[in-house]
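**Q** Sequence and predicted structure are below.
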Amino acid sequence: MTAPTNQPALPEMPAPPAPVQLIESLLFVAGEPVTLAQLARALDMPADVVAGALDELERQCAGRGVRVQRHGAHVQLVSAPESARAIARFLGVQASGRLSPAALEVLAIIAYRQPLTRAQVDAIRGVDSSGTLRALLARDLVAEAGRLETVGRPILYATTPLFLQQFGLTSLSALPPMEIPLPSVDDQAIEGQ
């Protein structure tokens, strides 16, 4: 008869991480906006499962120090906007200057009516916006979003994910309600000139 051996019990294998945990990890290490398709491909999961897990992660993060930010088809993990002052102090960052009233006006027009051409922004404002638009492009708050399918193919501008971060928004749908008039038909004709 063989004596019983006292072998230590094998450690239990941890349960595989839930999709929400995996998505949070991927967004944390990504450091930049990614698409739902990229997440689904990386996790080898159906897009609808990833979308549901992403919605759940967004709900879980609502009261925490990080948030899920969506911008069009892209998603990113960002710090909570209410933490901005403490983060800036921690990083030793000084305010890089405030936006001028003109820059805020152009940014609001683009945010609410994007994508727009510079001429369309000018038509809404009633003044030339080229300098202000260049400043917003330099700050990466707006970016080229394509070309208008008309004579001259003017550049269309839209807000960037950095715009959402700077203003503490999780998506464009979080913008407060505001009516920004559309350029008139006559203003649209200017585009081709």
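**A** It's in.

**Q** Domain parsing of this structure, as residue ranges.
**A** Domain assignment for the chain, taken from automatic domain parsing, gives 19-83, 96-190.

**Q** I'd like those domains as TSV, with distance to Gln7 appended.
**A** The way it works is simple: take the backbone N, C-alpha and C, and place the C-beta from them, glycine included. Listed next are these as TSV, based on distance: least, C-beta to C-beta, whole Å:
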stretch	distance to Gln7
domain 19-83	32
domain 96-190	52
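
**Q** So for Glu12, which of these sits nearest?
**A** Nearest to Glu12, of all the domains of the chain, is domain 19-83, at 18.0 Å by C-beta to C-beta.

**Q** Which residue ranges of this structure form strands?
**A** Here the chain has its strands, by DSSP state E, at 34-35, 66-71, 74-79, 142-147, 155-159.

**Q** Now do the shortest one: which elements does it pack against?
**A** Same thing as strand 34-35. Contact here means 3 or more C-beta pairs under 8 Å, 6 or more residues apart in numbering; DSSP states H and E; on that basis strand 34-35 packs against strand 74-79.

**Q** ok, now which ones touch the closest residue to Ser100 other than its chain neighbours?
**A** Of all residues not flanking Ser100 in the chain, Thr132 sits nearest, at 7.4 Å (C-beta to C-beta, 6 or more residues apart in numbering). Counting by C-beta atoms under 8 Å, 6 or more residues apart in numbering, Thr132 touches Ser100, Ala102, Ala103, Glu105, Val106.

**Q** Is it possible to get CSV of the strands of the chain that adds mean pLDDT and distance to Pro17?
**A** As requested, these are exported to CSV (pLDDT from 0 to 100; distance: least, C-beta to C-beta, whole Å):
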stretch, mean pLDDT, distance to Pro17
strand 34-35, 94, 18
strand 66-71, 90, 17
strand 74-79, 90, 16
strand 142-147, 94, 35
strand 155-159, 95, 33
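
**Q** out of these, nearest to Val127?
**A** Nearest to Val127, of all those, is strand 155-159, at 16.4 Å by C-beta to C-beta.

**Q** Adding pLDDT as columns, could you present the contacts of Thr132 in JSON lines?
**A** Converted to JSON lines, these look like this (pLDDT from 0 to 100):
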{"residue": "Ser100", "pLDDT": "88"}
{"residue": "Ala102", "pLDDT": "91"}
{"residue": "Ala103", "pLDDT": "92"}
{"residue": "Glu105", "pLDDT": "93"}
{"residue": "Val106", "pLDDT": "95"}
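
**Q** Thanks a lot, catch you later.
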